[in-house]
Structures are given as C-alpha cells and as structure tokens.
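Undergrad: show me the folded form of this:
(2 chains)
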Amino acid sequence: MQTNDGQGFEADVIVVGAGGAGLRAAIEAQSQGARVAVICKSLLGKAHTIVAEGGMAAAVGSVDPRDNWKAHFKDTMFGGKYLNNWRMAELHAKEAPKEIENLEQWGAVFDRTDAGGVMQRIFGGHTYQRLVQVGDRTGLELIRTLQDRAVAGGLRVFMEHTVTKILLRDGAVCGLAGYEREWGKFRVWKAPAVIIASGGIGRIYSVTSNSWEGTADGQAIAFEAGAELMDMEFVQFHPTGMVWPQSVRGILVTEAVRAEQGILTNSEGERFMQRYDPKRMELSTRDVVARAIYTEVAEGRGSPHGGAFLDISHKPADFIKKKLPSMYAQFMEFAHVDITKEPMEVYPTTHYVMGGIRVEAETEATNVPGLYAAGEAAAGLHGSNRLGGNSLSDLVVFGRRAGLAAAQYALGQTARVEPETAEIIKAEREMLAPFELETGENPFAVQEDLQNMMMEYVGVFRNEERLTRALELLGPLQERAARVRSTGSRLYNAMWHTCLDVKHMVRIAETIVRSALLRKESRGAHSRVDFPEMSAELQKVNSITRLRDGNAEVEYVERAPMPPELAEIIGEKSVVPA
Amino acid sequence: MSVDPKAVEEREGPATATARYEGAVREKSLRDQARTGKTFTLKINRGDEGDRVGRWQAYEVELASGMVVLDAVLSVQAHQEPELAVRWNCKAAKCGSCSAEVNGRPRLMCKTRVEDFKLDEPLLVQPMQTFRRIKDLVTDVSWNYRVNEKITPFKPRTDRPWVFYQHDVERAQEMRKCIECFLCQDVCHVIRYATEDKPQFFGPRYFVRSAGLDFHPMDAEDRVGQLKGKGGIGLCNITKCCTEVCPEHIHITDNAIIPEKERAVDAFSDPLRALLRGGSRKGSSGS
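TA: Residues are numbered from 1 along each chain as shown, chains lettered A, B, ... in the order given. Model prediction:
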C-alpha cells in the first residue's frame, strides 16, 4: 500500500520529540537559519517534561552566592559515582546559568527572592540551594516557555505522529519514516540531520512515573540504525512514587517535599534515613533513598499499603499549599489525603534512565553521520545516578548544543540525498504487518507481561540468577512481540500503536538486562546484591551495546581519563570510589 | 507468561531483607487490596470521524477502590475494546490530555473518581462536544493551536538587569498554571454554539494566555487591542462557566477576562488613552 504518494516533507533538521530537549534543539537550529520540524507522539505541550516538578539545577548563586559551576560539577559527578562523562558534566555546570537567563528572556516566570532575583531550592545531592523553580510545576513552565518561543518562530510541528524508522543511505541519515496517529497515514520526512529527543523508557516497567509515551522508541530506532547505546543498566527508581490508591500507583511525589523538610518514617515511627545516610538524611541521593525505603518495607516496617510515610504536616498549611500546590491537590483529589494534616505513603517508582544513546559531549553527535541525541534519550551526563533538578538543565544545555551542531552539519551538506523507495516501502510494510496476521498476540497483553517481568527481575535490587532468568524470559516475549496483531482500521487505533511500540520496548529491555548482567558491582542506581561493593576497575569503563547481525551485544569500553584541572575540583574521590 | 508469584517464592526461598524483590507478589497484593467485588456500567459515546451524535456503548467494568474514569476507559481498551480511541498522557492531572465530558460535565478523566458518582445508573463518557470528533473520545483540537499563533509573543524589556519580586509575578503565575486541557474552550458557549466556522474569538484559554503575558512585569508589549479586535473579548458575557470547569482552579473570569475587558474599555473609550495606547497601565490593574 503506497499512501505517501511519493511525497515527503523536507527540512534541514528534524527533531523527534517535543519535550524540553527537542524544543530547545529546534529553537537553536532555527536560529542558525536551518529549516526545522519537530515530530511528537502527543499534542504539542504534553511532553513528559511537564511532569518534572521540583526545579532546574543551575549555579546562578542567586540565593547562595557561594555556589559556582565547580560545585555543581562536583555534586553531579559524586551523584553519578564518577561514571559521568566528565566533559558533559563540565559543560552542563558551566552553561546551565546562561540557559536560565535565556528562558527568562523568553518569558519564563520563575519564583523570586526577596532581593528580586530567582528563587532557588535545595535538592538531594546538591551542596547549595541551586534549583530554579516555579512551585512544583517547573517542567510545565519550561515547556510552555519553549513552546511559545518555538511557535513564535514559526516552527513546523507534526503533532501526534510516530517515527518508526531512521532512513539511511550509505550509512548516513537521510530521513525518517512513520505515521500519523490520528488518521493512520504514512509519512516520510527527508533531512540530512535528525535529533532524537524522545525521552525515556519507563513504560518497560509496570510501576513507573512515566506516561504511555515512554516506550523507548527513540533509543530503539537509533539502535536499529546502528547507533551505540551506553550505560543501559542504570535505571533510576525515584524513591517517592504514590502507592495508594492503586490507580495512581507510581505517580511521582516530588523531591521538593523532602527539600521543604518532609521527613520519612517507617511503621515504627522511626526516621530511618539516619541508618542509611545520617549526614544527608532525606536529602541523600535518589539511589540511596530508594534502597532505604525498599529495605524498610521488605523487612516488615512498611506503611499499610507497603510504603514508607512521608510527612510534611509539621509545616504550616499555608506554606505547604504555597510551596507544593500540585502535591496538595494530587493527594487530596486522588487519594483523599490532606498532606497538611497527615503523612503520604510512598514507594520507589521507575523514573528515569541514565543510559541511552552514546553521544559526543560537545555536539551530541552519535556514531551515525547526521544522527544526534539529547535529553533523557542520550547517555553520559548523569553517570550511574541522576541528581534531582539536573534533568531540566540537561534538556536545555544539551538540546541547544544538539540543535547547533545538527544545523551546522545539515547546512554544510550541499548535495541532498533522497531516501531509497525500497526502504520506504519496507518501513510501510513493517507498520502494516500487525494487520496482516490472521492470528496473533494482543499487544496489550505482551506489554503487560514485559512490564511485570522487568519489575520483578530487573528492579531496584538485582543479582546474577534473576538477571539470567530475565534474559530467558525475554526470548519468548520478543517472539510474541514479533507477532502482535491489530484489528480494525488505522484511524486512531491504540491497538495498532501498541503493536509498534511493544517491539521497541522488548528491544531496549534486552539492552538493559544484558548491561546489568555485565556490570558486576553496585554503583549508583545499579544495585547487585551479589556484588554489593563499588569496583575501582569498573569505574574506568562504560558498557556499550551495539547491534551486530540483529543481536544486541554489550561490552565494556575504556573511558577517557579526566584532565587534571577537573580531577582537582573533585579531589581524592576521583580516584577511589566513595 | 505472566509471572507466577508462587514459583518465585519456591525458587527464591522465603523473603529476606536483601533477597526480596518488588514485582509480581507485591503488585498482586495491592491489586487485591483495591478490589471491591462490585462492577458498574460505563457507557462510552463512540463514533468515527465527524460523527456528532455517535452511539452509546455499554461496558461492565470491575470497580477498584480509588479508580478514576480514565482507569475505567483504559481497562475497557485493554480488555474489551482494543481499538477504542482515547487521548491521555501523564495520568496525574498535569498534562491536560484526557479531557472529556463525564455525565455531561467537562472534566479531566484522570482526576474524576468513579466512586464520586451514584453507580446504580450508568456512568456516561462522551468526547468534548465543541470540537469535531476524530474517533470515539478523541477530538480535533487543532483550532486552539491556530488561535494561539495569533497572540503577540512575549517581548522582553530592554532595561536590564531585571529586578522584580514575588508579588510582581503572582498574577502572571496564576495564568501560567494553565495545562491546556481546553475544557474552558469546550464549555464556552461562544465557541460551543458556533457553527462549523469558529468565531473571531480567542476563547478563555487564550484570554488567560494573553493576560499571563500582559501581567508579566518585564513584558514590553500590550495585547489589549488584539484582545478587543480579533480576540473578540467583548463577546464574553462573563457567565463564568470556564472558571467552573478549570481543573487548575484559575480564576479565569475574575482574574483574566474582567481585568482585560476593563483595560480594553479604558484604552478605547478615553481618546487620550487611545492615543497613548502603548503606555496603558497593563501591569498594575487590580494589584
């Protein structure tokens, strides 16, 4: 079926994803004079960035003048247990303040201090008050500001479109194939440069703070186009997801609750963080707090619905409603819990993937010519564990860099290369395959089984036996995903959409399991009960996953040594893991 | 291949602090706790493109404690009607995607609890009636995005550095809470009862957006002329339906529309002010 009529939209740079990274990249590419389009699976302005609550880390020093890029760099590296790409951590710390200024110039309205500057709050793992914020809806402010800026610049947005394939010619990017979600029509986009800014993978797990969109599409299509993935074993479980009612299981409870002095207790009323991190207590790094809550519940000291208590009710009700308005509403409306009077119940939820597409620090270029990646879809900045607040700043710092580099690359390509017709037809056949099966699997059932399996075997704590079992169970799941079937038409058909999504999910699930098996140590978010210590040797390597003859193969690759001026900032700890 | 908790227990031995993992056992126990043993009837108005009337289809849904309408709709999609079209994203009332009409009232399905209704009668879910249907509960909201493009963007003041305070931004911040669910556009009778062509009227969402920009202490633009002209703010007769349905509890009528209407009157009825329109006191009204 040829529905494209041979037509394709042409641009210099196409961005996949309209979250913070995608929009920032598009704005920058446009400012370079490139013709840019953005493709997103949902409506514009609904990207998962909006769920980011607490703030955006940037050493502007508006509240605490002692803060500076070096301190931010040091905290980020320590939080990531030194597995971070040090150059990315350096650029991030240096450039985040400038991005705050850009956002303000584009109309963002951050909370203010009494001195008339931007308000900043503290978050786990940050030495100073560093998170620029808008109450607990900072992500929405970021998205709306970037969205308005991009729309004012005349950005072309393909809303409710899914990309299923990166089109290559002679190994370089020449376009994308996909479909309109609303009407089901096939689409081709032609461009020499593509930026993957499609977010995370949380939907691979059953309990997650991610929306339905986090199905690893960007990582999967890049991987299939030959891009390398890095550090896929590092999946962040946010310590505080909602537990009850079942319907809101996994929904995020912002770290801002703890930043505003919320305390964690177990069923015995004990403030248990003093046993896990007496110095930083509730504001320890996310990996530590998640393991602590997990262990408290596992050892029988959980709340009625199997969580920990998170209590902010010792603060005045007005303060809570002012500082945490959406948390107040979320608990009141969903759980009928008044957080100004009673504690919340919380438990870890799959939140973020530190691993992703391997990129160069300066340009966000992948190993595939013309392919770039930024934001959660890319790897490197956060190492083995991301600090709260470092994601929003990641999006704008590296979104800008990706947009800049992709535009320069694209504008430098004088001859335009057309995608091959045979490749386009092949991509369309793959999209149609779920309709052509007489019998097949229900994609929702395959997705649910995958999510349960990953939660069960590849969660907060891992060991060799369970990871091996996960790999065994993935085989049949991948076979089932290969023969999922859809009924009905292509008109806004969730069953068909899920058929295509679930193939990406099983593909990326495998890279997570294989990387987790390879890394025989506990570091950051990757906790192996059979290897509980951090290994100085393994600090020197990243796990890189490549596609070879259709199979995912993972191996360690040596990391570049840190230059002395950066090592000096960190001090002793850069050599011996903490 | 669903994970069998018993097999896990057998293989792993009894749970201990370090050997117990989250997953099937725990999740099943939570699901069991949520069971009420009751069912209810959910009627969804379904239809294909452009079908204004649609057809009501009834589904029996197991009632879980704390369930929201979106859970019920997604459970129908996963287990009974896989082709059912519904738009949703965050499921936490932050993205404004799952707008629909529940028992005739515009609501976000993700924050409407099923148990808040009398369930001896069917619960009725239909798409937003103001917008053309694409399929089932999904409507074509692209008109809103086209209206948005007409609004003059933020224009930063050039006198820097900027020093301003929390009390200067609170009015703008209220407007910027908007999650673009379009329920206010759906309920607004100026838009709702217009025929195929939508009127020369921005609608509440875009009065809110314009006000958010006008209230920004560092914005050097004034949108009052635009609101009065192609924005059609004069057509609003302040019935406050938009304010009532706003899931973010923005005081759309009192804090956005009325102040902008007042400024429009000031700016256009006073000839001297009309001359000096660029300098009208946009930032200070009501504060």
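
Undergrad: pick out the residue of chain B closest to chain A.
TA: Residue of chain B nearest chain A, by CB to the nearest CB: B:Gly66 (2.3 Å). Using the backbone N, CA and C atoms, a C-beta is placed for each residue, glycine as well.

Undergrad: chain neighbours aside, what residue packs nearest to that residue?
TA: Distances taken as CB to CB, 6 or more residues apart in numbering or on different chains put A:Pro245 closest to B:Gly66, at 2.3 Å, once the chain neighbours are dropped.

Undergrad: now do B:Pro122
TA: Nearest to B:Pro122 is B:Thr41, by CB to CB, 6+ apart, at 4.0 Å.

Undergrad: can I take it that the one you found is in a strand?
TA: Yes - counting by DSSP: H, G, I helix; E, B strand; the rest coil, one finds B:Thr41 located in a strand.

Undergrad: mind listing what it touches?
TA: By CB atoms under 8 Å, 6 or more residues apart in numbering or on different chains, the contact list for B:Thr41 reads B:Ala58, B:Tyr59, B:Glu60, B:Val61, B:Leu119, B:Glu121, B:Pro122, B:Leu123.

Undergrad: Provide a ChimeraX selection command restricted to the buried entries of those.
TA: Paste this into ChimeraX to select the buried members of the contacts of B:Thr41, with burial taken from 16 or more other CB atoms under 10 Å in any protein chain shown:
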select /B:59,61,119,122,123
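
Undergrad: go ahead and confirm the residue nearest to B:Gly66 touches A:Phe334.
TA: Yes - taking CB atoms under 8 Å as the definition, A:Pro245 is a contact partner of A:Phe334 at 6.9 Å.

Undergrad: touching both of these two, which residues are there?
TA: B:Gly66.

Undergrad: list the residue ranges of chain A that fall below the pLDDT cut-off.
TA: Where chain A drops to pLDDT under 70, the residues are A:1-7, A:572-578.

Undergrad: look up phi and psi at the residue of chain B closest to chain A.
TA: Per-residue torsions, B:Gly66: phi 80, psi 0 (degrees, to the nearest 10).

Undergrad: and what of A:Val529?
TA: Torsion angles, degrees, to the nearest 10, at A:Val529: phi -70, psi -20.

Undergrad: check the gap between it and A:Met232 for me.
TA: Going from A:Val529 to A:Met232 by CB to CB, to the nearest Å gives 20 Å.

Undergrad: of those two, who's got more company?
TA: For A:Val529 versus A:Met232, the count of surrounding residues by other CB atoms under 10 Å in any protein chain shown is larger for A:Met232: 30 against 15.

Undergrad: wait, isn't the more buried one in contact with A:Arg358?
TA: No - with contact defined as CB under 8 Å, A:Met232 does not reach A:Arg358; the gap is 10.2 Å.

Undergrad: what pLDDT does the most centrally placed residue in chain B get?
TA: Nearest to the geometric centre of chain B sits B:Cys181, at 2.2 Å (CA atoms, centre = their mean). pLDDT for B:Cys181: 98.

Undergrad: so what's it closest to, chain neighbours aside?
TA: Nearest one to B:Cys181, counting by CB to CB, 6+ apart, is B:Gly96 at 3.1 Å.

Undergrad: going by proximity to chain B, name the top residue of chain A.
TA: A:Pro245 (2.3 Å).

Undergrad: check whether stretch B:75-91 comes near chain A.
TA: Yes - residues of stretch B:75-91 contacting chain A under CB under 8 Å from any CB of the partner chain: B:77-79, B:82-91.

Undergrad: could you flag which of the residues you listed are buried?
TA: Buried subset of the residues of stretch B:75-91 next to chain A (neighbour count, 16+ other CB under 10 Å): B:Gln77, B:Ala78, B:Pro82, B:Glu83, B:Leu84, B:Ala85, B:Val86, B:Arg87, B:Trp88, B:Asn89, B:Cys90, B:Lys91.

Undergrad: for those residues, work out which two are farthest apart.
TA: The most widely separated members of those, counting by CB to CB, are B:Glu83 and B:Cys90 (23.2 Å).

Undergrad: hmm, back to that, which ones among the contacts of B:Thr41 lie within strands?
TA: B:Ala58, B:Tyr59, B:Glu60, B:Val61, B:Leu123 (DSSP state E).

Undergrad: tell me the contacts of the fourth one?
TA: Contact analysis of B:Val61 by CB under 8 Å, 6+ apart lists B:Thr39, B:Phe40, B:Thr41, B:Leu42, B:Ala72, B:Ser75, B:Val76.

Undergrad: for the residues you listed, give me TSV that also has pLDDT.
TA: Compiled in TSV, the contacts of B:Val61 are given as follows (pLDDT from 0 to 100):
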residue	pLDDT
B:Thr39	95
B:Phe40	97
B:Thr41	98
B:Leu42	98
B:Ala72	96
B:Ser75	93
B:Val76	96
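
Undergrad: on the three-state scheme, residue 38 is what?
TA: Using chain A here. Going by three-state DSSP, the state assigned to A:Val38 is strand.

Undergrad: not quite, go with chain B.
TA: strand.

Undergrad: pull the contacting residues for it.
TA: With CB under 8 Å, 6+ apart, B:Lys38 has these contacts: B:Glu62, B:Leu63, B:Leu119.

Undergrad: tell me the one among the residues you listed nearest to A:Gly199.
TA: Nearest member of these to A:Gly199, counting by CB to CB, is B:Glu62, at 31.9 Å.

Undergrad: any idea how far that closest one is from B:Ala72?
TA: Noted for B:Glu62: a distance of 9 Å to B:Ala72, by CB to CB.

Undergrad: ok, these two, which is more surrounded?
TA: Taking other CB under 10 Å, B:Glu62 and B:Ala72 do not tie; B:Ala72 has more neighbours (24 against 15).

Undergrad: got the contact list for A:Glu296?
TA: Contacts of A:Glu296 (CB under 8 Å, 6+ apart): A:Asn266, A:Phe272, A:Gly302, A:Ala308.

Undergrad: next: A:Val132.
TA: Neighbour list for A:Val132: A:Gly55, A:Met56, A:Ala57, A:Ala58, A:Val60, A:Ser62, A:Ile100, A:Phe110, A:Val118, A:Met119, A:Gln120, A:Thr138 [criterion: CB under 8 Å, 6+ apart].
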